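Visitor: model this:
(one chain, ligands or ions: 1)
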Amino acid sequence: MKTEKLAPVFTDRFPNPMEEGRLYVSMTLAIAGHLCCCGCKTEVVTPLSPTDWTLIFDGDTVSLDPSIGNWSFHCQSHYLIVRGAVDWAPKWSKERIRLGRYRDRLAKERFFTGPPKDQDQDSDQPRLRGGWRSRLPRLQSGHKSGSTEKRRGS
Ligand SMILES: [Zn+2]
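Guide: Numbering: from 1, shown residues only. Now for the predicted structure:
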């Protein structure tokens, strides 16, 4: 059964197994965890950091930004957690997933080591149709804008 709401549980010890309908948050470890909302019960662990997920707690409910894309799971589910409610998002194409992963890595590289000096050294980078290089100036303008686009899931 699909989970439609997630209630926050602030704890440094996530139960094993986690319960459905709960979003476990450890402020000490900067990590959140929940069971995949599609009902497949896969554990989804989301690190909280400037280049991973941002947790918003409004005193009652939690939101996670950007969306949760469970591409490595069989279910391939994709959803947002907004004020404790699960908002289902369209599945991404394989190409879209590759772009998202590439952008995440770019954001991490910028955050931890500064802007990459020579992107051609990275043989693992995706070769997207339509000239991915033309997207780079926009992608490099900041990971925050990337997050916003990610959330739209377009
Ligand atoms: Zn699932």
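
Visitor: Let me know the pLDDT of Gly114.
Guide: Confidence per residue is given as pLDDT, and for Gly114 that number is 72.

Visitor: List the residues that contact Phe20.
Guide: Just so we're on the same page, residue 20 is Glu rather than Phe. Applying Cβ atoms under 8 Å, 6 or more residues apart in numbering, one finds that Glu20 lies in contact with 3, 35, 39, 41. The C-beta positions use only the backbone N, C-alpha and C, and glycine is treated the same way.

Visitor: Mind checking which of those are buried?
Guide: In terms of neighbour count (16 or more other Cβ atoms under 10 Å), the buried residues within these are 3, 35.

Visitor: Take the contacts of Glu20 and keep only those in strands.
Guide: Leu35 (DSSP state E).

Visitor: Output the contacts of Glu20 as TSV; include the columns pLDDT and distance to Trp88.
Guide: TSV is the format used below for the contacts of Glu20 (pLDDT from 0 to 100; distance: Cβ to Cβ, whole Å):
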residue	pLDDT	distance to Trp88
Thr3	95	11
Leu35	97	16
Gly39	95	12
Lys41	93	17
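
Visitor: Most widely separated two among the contacts of Glu20?
Guide: Thr3 and Lys41 (9.9 Å; Cβ to Cβ).

Visitor: which neighbours do these two share?
Guide: Here Thr3 and Lys41 have 20, 35 as joint contacts, going by Cβ under 8 Å, 6+ apart.

Visitor: nearest residue to Val30 other than its sequence neighbours?
Guide: To be clear, residue 30 is Ala; Val isn't right here. Closest residue to Ala30 apart from its sequence neighbours, by Cβ to Cβ, 6 or more residues apart in numbering: Leu48 at 4.4 Å.

Visitor: err, Val86, not the other one
Guide: Nearest in space to Val86, with sequence neighbours left out and distances taken as Cβ to Cβ, 6+ apart, is Cys37 at 4.7 Å.

Visitor: helix/strand/coil for the one you found?
Guide: Per DSSP: H, G, I helix; E, B strand; the rest coil, the local secondary structure of Cys37 is coil.
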